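Enquirer: Predicted coordinates and the sequence they were generated for:
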Amino acid sequence: MFVAALLLVGCAGPITPAPPSYALSNPDSGLAQRVEALAAERPAGHSGFRLLPLSAEAFAARIRMIRAAENTLDVQYYIVHDGLSTRALIDELLKAADRGVRVRLLLDDTASDGSDYQIATLAAHPNILIRVFNPLHVGRSNVFTRSLGRLLKLSQQHRRMHNKLMLADSSLAIVGGRNLGDEYFDADKGLNFTDIDLLGAGPVARQLATSFDQYWNHDLSVPIQHFLRRPPRVSALDDARREITRYLEAERQRDPKRYHHLTADLDDAPLAQWLQQLTWAPGEAMWDHPDKINAPGIPDEHLLLTTRLQPSLEAVSREMTLISAYFVPTDDGVSYLTRQADKGVAIRILTNSLEATDVPLVHGGYAPYRRPLLEAGVRLFELRRQPDQEASYNLGGESESSLHSKAAVFDRQEVFLGSLNFDPRSILWNTEVGVLIESPELASEVQRLTLEGTSPSVSYEVRLVEVDGRKRLVWIAEDQDRRKVLLDEPGGAWRRFNAWFSQMIGLERML
């Protein structure tokens with residue numbers, strides 16, 4: 001009875017199906033017309049692309065897209081953390097809605113924890129629609145009841161919408177690894193996630209708009225107002241606007257250096273100039289079908305993004321580079337990588353070290369596979385924890401860095417960028433989105449960034465060497481041009497315990 005009472009707190013009534021809405025197929029906007037004019041000068045079906053590896057540039061791209069939108073903005077994210085960057089983006093979304101832009105905001109339900117009313121306040125604007133994906137329907141009132149509710153519904157609640165996507169007028173899109181929060185835009189003094197986003201224009205943006213519609217109109221997408229006893233009044237939205245304005249001004253005065261760092265790129269080249277500099281190439285948007293969340297057990301292959309990526313994985317013949325913040329290859333992955341290495345494919349993998357990862361439990365799923373991968377000839381690199389290393393891949397600044405990127409380069413001819421980690425959680429349980437591009441230019445650029453990230457001053461190379469008559473793992477790095485070899489894995493006792501614990505209780509398939 002106690003459990004039932006807890007779960008009834010904050011529970012909602014029966015769901016009334018929300019009316020469907022769709023991307024505007026031919027938005028009559030200046031942005032859409034500029035993109036269409038540029039696409040008309042290129043081979044049919046080609047899309048325009050620009051890499052966004054720098055945090056400030058990735059933030060500026062989002063702001064510029066919002067400001068350029070005239071008809072519609074579609075925003076889909078897994079995590080939204082409060083802070084300077086998020087409030088600045090919300091301020092811009094409100095301004096866009098004020099000028100008549102339809103804003104659709106789709107959040108994984110984990111982003112709404114404890115914030116239903118605050119999120120719904122934005123939806124008091126007549127041009128803003130907000131839905132949460134795969135929501136918990138009972139026990140939403142506090143952290144304890146939410147945790148208990150998720151535990152009781154674990155088979156579905158552990159599956160999350162991990163997609164990260166922003167669209168303007170169905171003509172311009174940003175897809176990649178970044179969520180919304182200061183730690184993703186180098187505006188958090190404690191932590192900066194190293195990441196790569198992709199700006200896409202033209203046909204690929206329309207494909208991604210189709211993916212957004214598929215999620216938005218799915219049964220698992222529920223209007224945020226459904227979880228409130230009564231919707232916020234317009235006066236609450238007015239109060240929220242004033243609070244955002246006050247907060248942004250206070251932050252500008254309190255920490256002008258951080259504020260300027262976040263917004264500096266807004267003073268550089270305008271969006272129109274960026275559009276002229278795009279690399280045009282064949283590109284295909286790929287995403288998991290949202291039904292993946294409802295699948296009993298292992299989802300059917302036709303629901304999976306990786307099924308569409310498989311031909312590129314199998315066709316690689318010379319060189320493959322994988323960047324994955326969370327890398328848990330499983331036995332099947334080791335077999336695939338070993339098979340490719342035996343064919344002569346040079347394989348590099350960049351992931352987080354134990355000392356740099358933000359999720360040591362995942363490291364515990366990765367660690368047992370290092371030895372067989374190294375024995376197969378795969379080269380492993382692990383990003384180091386270092387607070388002051390400057391690099392164009394944004395591996396530095398004032399914050400400690402942790403790798404959050406997700407990318408794959410095939411023979412320096414194709415590159416895949418998106419939200420997909422190479423681990424069971426991304427492949428089997430969460431939903432993901434990404435873009436595969438056939439472009440030696442972009443593939444080589446991502447390869448260059450990766451090589452920069454695998455330099456010994458930035459990452460450890462893990463090797464198998466003979467020490468005292470037996471082969472063991474060592475971590476090779478470089479500090480101030482001096483090579484060093486570590487016999488013990490870098491990382492504190494608490495991180496080691498977490499990694500060990502995940503191995504002991506067999507969490508691999510959930511990681």
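Expert: Thanks, I have it.
Enquirer: buried stuff in stretch 189-204?
Expert: By neighbour count with 16 or more other CB atoms under 10 Å, stretch 189-204 contains the buried residues 191-204. All C-beta atoms are positioned from the backbone trio N, CA, C, and that covers glycine.
Enquirer: Next, the buried residues of stretch 469-482.
Expert: 473, 474, 475, 476, 477.
Enquirer: how long is stretch 337-353 from one end to the other?
Expert: One end of stretch 337-353 to the other measures 20 Å (CA to CA, to the nearest Å).
Enquirer: sorry, back to before: pick out the most distant pair among the buried residues of stretch 189-204.
Expert: Within these, 191 and 203 form the most distant pair, 36.2 Å apart (CB to CB).
Enquirer: low-confidence ranges in the stretch 101-250 of the chain?
Expert: For the stretch 101-250 of the chain, no stretch has pLDDT under 70.
Enquirer: Would you convert the buried residues of stretch 189-204 into TSV that also reports secondary structure and distance to residue 322?
Expert: Putting those into TSV (DSSP: H, G, I helix; E, B strand; the rest coil; distance: CB to CB, whole Å) gives the following:
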residue	secondary structure	distance to residue 322
191	strand	23
192	strand	22
193	strand	18
194	strand	15
195	coil	15
196	coil	13
197	strand	18
198	strand	17
199	strand	22
200	strand	21
201	strand	26
202	coil	27
203	helix	27
204	helix	22
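Enquirer: Rounded mean pLDDT for stretch 36-54, please.
Expert: Averaged across stretch 36-54, pLDDT comes to 96.
Enquirer: Other residues contacting that stretch?
Expert: 35, 58, 61, 171, 174, 176, 195-205, 265, 274-283, 392-394, 417, 435, 437, 439, 442, 445-446, 449 (CB atoms under 8 Å, 6 or more residues apart in numbering).
Enquirer: In helices, which of the residues you listed fall?
Expert: Judged by DSSP state H, the subset of the contacts of stretch 36-54 located in helices is 35, 58, 61, 203-205, 274-276, 442, 445-446, 449.
Enquirer: the helices in the stretch 401-511 of the chain, which residues?
Expert: Here the stretch 401-511 of the chain has its helices, by DSSP state H, counting those that start in this stretch, at 424, 440-453, 493-504.
Enquirer: residues of the top helix by length along the chain that come out buried?
Expert: For the chain, the helix with the greatest residue count under DSSP H is helix 234-254. For helix 234-254, a neighbour-count test (16+ other CB under 10 Å) marks 236, 237, 240, 241, 244, 247, 248, 251 as buried.
Enquirer: Could you dump the helices of the stretch 401-511 of the chain into CSV and include distance to residue 149, mean neighbour count and mean pLDDT?
Expert: Listed next are the helices of the stretch 401-511 of the chain as CSV, based on distance: least, CB to CB, whole Å; neighbours: other CB atoms under 10 Å; pLDDT from 0 to 100:
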stretch, distance to residue 149, mean neighbour count, mean pLDDT
helix 424, 24, 22, 94
helix 440-453, 40, 19, 96
helix 493-504, 24, 15, 83
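Enquirer: what's the closest of the ones you listed to residue 142?
Expert: Per CB to CB, nearest to residue 142 of the helices of the stretch 401-511 of the chain: helix 493-504, 26.2 Å.
Enquirer: what about that closest one, distance to the chain center?
Expert: Remark: helix 493-504 is offset 25 Å from the chain centroid, using CA atoms, centre = their mean, to the nearest Å.
Enquirer: what does that helix contact?
Expert: Contact with helix 493-504 is made by 354-355, 357, 360-365, 367-368, 489, 491, 508, 511, as judged by CB under 8 Å, 6+ apart.
Enquirer: repeat that for 6 Å
Expert: Taking contacts as CB atoms under 6 Å, 6 or more residues apart in numbering, the residues outside helix 493-504 that touch it are 354, 360, 361, 363, 364, 365.
Enquirer: just those now: which is nearest residue 305?
Expert: Nearest to residue 305 out of the contacts of helix 493-504 is residue 365 (CB to CB; 20.3 Å).
Enquirer: After the helix or strand harbouring that closest one, which helix or strand is next?
Expert: Taking DSSP states H and E as the definition, one finds residue 365 inside helix 360-366. Reading on from helix 360-366 to the C-terminus, the next helix or strand found by DSSP H and E is helix 370-375.
Enquirer: Only the buried residues of that following helix, if you could.
Expert: For helix 370-375, the neighbour count (16+ other CB under 10 Å) marks 370, 373, 374 as buried.
Enquirer: closest to residue 459 among those residues?
Expert: Using CB to CB, residue 370 comes nearest to residue 459 of these, at 14.1 Å.
Enquirer: Distance check, that closest one against residue 271.
Expert: 43 Å (CB to CB, to the nearest Å).
Enquirer: Please apply the same query to residue 336.
Expert: Here the criterion is CB to CB. By it, residue 336 lies 40 Å from residue 271.
Enquirer: out of these two, which sits in the busier spot?
Expert: More neighbours surround residue 271 than the other of residue 336 and residue 271, with 19 against 14 (other CB atoms under 10 Å).
Enquirer: ok, that one - contacts?
Expert: 64, 68.
Enquirer: all strands of the stretch 201-350 of the chain, in order?
Expert: Using DSSP state E, counting those that start in this stretch, the strands of the stretch 201-350 of the chain run over 221-223, 279-287, 319-324, 346-352.
Enquirer: by how many degrees do the longest one and helix 440-453 diverge?
Expert: Using axes from the mean of the first three to the mean of the last three CA atoms, to 10 degrees, the direction of strand 279-287 lies 80 degrees away from that of helix 440-453.
Enquirer: Would you mind writing the CA trace of strand 279-287 as CSV?
Expert: This file holds the C-alpha atoms of strand 279-287, laid out as CSV (Å, rounded to 0.1, in the frame of the first residue of the first chain):
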residue,chain,number,x,y,z
THR,A,279,31.1,21.2,-48.3
TRP,A,280,28.5,19.6,-50.6
ALA,A,281,28.4,15.8,-50.9
PRO,A,282,26.0,12.9,-50.8
GLY,A,283,24.7,12.4,-47.3
GLU,A,284,22.1,10.1,-45.8
ALA,A,285,20.3,10.7,-42.5
MET,A,286,19.9,7.5,-40.4
TRP,A,287,17.9,7.0,-37.2
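Enquirer: tell me what it is packed against?
Expert: Judged by 3 or more CB pairs under 6 Å, 6 or more residues apart in numbering; DSSP states H and E, strand 279-287 is in contact with strand 46-52, helix 203-216, helix 305-315, strand 433-438.
Enquirer: Taking strand 433-438 as reference, get the angle to it.
Expert: Using the same axes, to 10 degrees: strand 279-287 against strand 433-438 is 140 degrees.
Enquirer: Quick check: buried residues in strand 279-287?
Expert: Buried residues in strand 279-287, counted by 16+ other CB under 10 Å: 280, 281, 283, 284, 285, 286, 287.
Enquirer: can you count the residues close to the nearest residue to residue 284 once chain neighbours are set aside?
Expert: Closest residue in space to residue 284, ignoring its immediate chain neighbours: residue 436 at 5.0 Å, by CB to CB, 6 or more residues apart in numbering. By other CB under 10 Å, 22 other residues sit near residue 436.
Enquirer: How about residue 43?
Expert: 9.
Enquirer: Residue 98 now?
Expert: Neighbours of residue 98 using other CB under 10 Å come to 11.
Enquirer: how close does it sit to residue 129?
Expert: From residue 98 to residue 129 the distance is 15 Å (CB to CB).
Enquirer: quick one: residue 221 and residue 133 touch, right?
Expert: Yes: judged on CB atoms under 6 Å, residue 221 makes contact with residue 133 at a distance of 5.3 Å.
Enquirer: These two: which has the busier surroundings?
Expert: The neighbour comparison of residue 221 against residue 133 (other CB under 10 Å) goes to residue 133, with 25 against 19.
Enquirer: Enumerate every residue touching the nearest residue to the more buried one once chain neighbours are set aside.
Expert: Distances taken as CB to CB, 6+ apart place residue 161 nearest to residue 133, at 4.3 Å, with adjacent residues excluded. Applying CB under 6 Å, 6+ apart to residue 161 gives the contacts 108, 133, 431.
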